[in-house]
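S.K.: what follows is a protein structure lacking sequence information:
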């Protein structure tokens, strides 16, 4: 009799443990994109680093354009271009592959959703505006009065990062 009770307790604990892991796995599987925000943070940091390097080497700066994800999908696409959209200048694709993310992105004081762009000059100074390729050249390049504040989210996780005006480096 005693060994049956012990076996029943063991069985109950085993079933409870399996159920706990199953619930945790189901929650992870049901999360929209559990790694979208950390991936976006690291990939955007790399894209901004590539933009800073391109801007310094090119002499005419670089532009990172944030656009909404293709229709029917959530998220954004960030693309690096040679040059800044100034009169008489044509933007050309940069060396980095465009980055598509399922996370959402906002730029405080500029745009709650894409389209918007970051402009990096040859000295590494950064500015931003609600801008897209179809807008053509900027009449006047925007100035940066305070660090650019990006917010990335995936519906549950929210991360805030900044880019100082005088150094195109994501923090």
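M.R.: Cool, got the structure. Predicted model, so just to flag it, every value in this text is computed and none were measured.

S.K.: show me what the residue nearest to residue 133 when sequence neighbours are not counted is bridged to.
M.R.: Once flanking residues are discounted, residue 133 sits nearest to residue 65: 6.3 Å by CB to CB, 6 or more residues apart in numbering. C-beta here means a position set from N, CA and C on the backbone, and glycine is covered the same way. Residue 65 forms beta bridges with residue 79, residue 117, as assigned by DSSP bridges.

S.K.: do you know the pLDDT at residue 65?
M.R.: In the predicted model, residue 65 carries a pLDDT score of 98.

S.K.: in contact with it, which residues?
M.R.: Counting by CB atoms under 8 Å, 6 or more residues apart in numbering, residue 65 touches 78-79, 81, 115, 117, 131-133.

S.K.: could you measure from it over to residue 119?
M.R.: Distance, residue 65 to residue 119, by CB to CB, to the nearest Å: 10 Å.

S.K.: do the same with residue 54
M.R.: For residue 54, the distance to residue 119 - CB to CB - is 12 Å.

S.K.: which one's more surrounded, those two?
M.R.: More crowded of residue 54 and residue 119, by other CB atoms under 10 Å: residue 119, with 26 against 23.

S.K.: just checking, that one touches residue 137?
M.R.: No: using CB atoms under 8 Å, residue 119 is not in contact with residue 137; the gap is 11.9 Å.

S.K.: residue nearest the centroid of this structure?
M.R.: With distances taken as CA atoms, centre = their mean, the residue of the chain nearest its centroid is residue 40 (3.8 Å).

S.K.: just the buried residues of the one helix or strand it maps to, please?
M.R.: In this structure, residue 40 sits in helix 36-58 according to DSSP states H and E. For helix 36-58, the neighbour count (16 or more other CB atoms under 10 Å) marks 36-37, 39-41, 43-44, 47-48, 50-56, 58 as buried.

S.K.: which one is residue 139 nearest to, not counting chain neighbours?
M.R.: In space, residue 139 is closest to residue 87, 7.9 Å off (CB to CB, 6+ apart).

S.K.: whoops, I mixed them up, residue 129
M.R.: The nearest residue in space to residue 129 (CB to CB, 6+ apart) is residue 142, at 4.6 Å.

S.K.: that neighbour and residue 85, how far apart?
M.R.: On the measure of CB to CB, residue 142 and residue 85 end up 11 Å apart.

S.K.: returning to that earlier point: anything in contact with each of residue 119 and residue 137?
M.R.: residue 85.

S.K.: show me what the helix holding residue 40 is packed up against.
M.R.: In this structure, helix 36-58 packs against strand 62-68, strand 76-82, strand 99-101, strand 116-120, strand 148-153, strand 158-163, with contacts taken as 3 or more CB pairs under 8 Å, 6 or more residues apart in numbering; DSSP states H and E.
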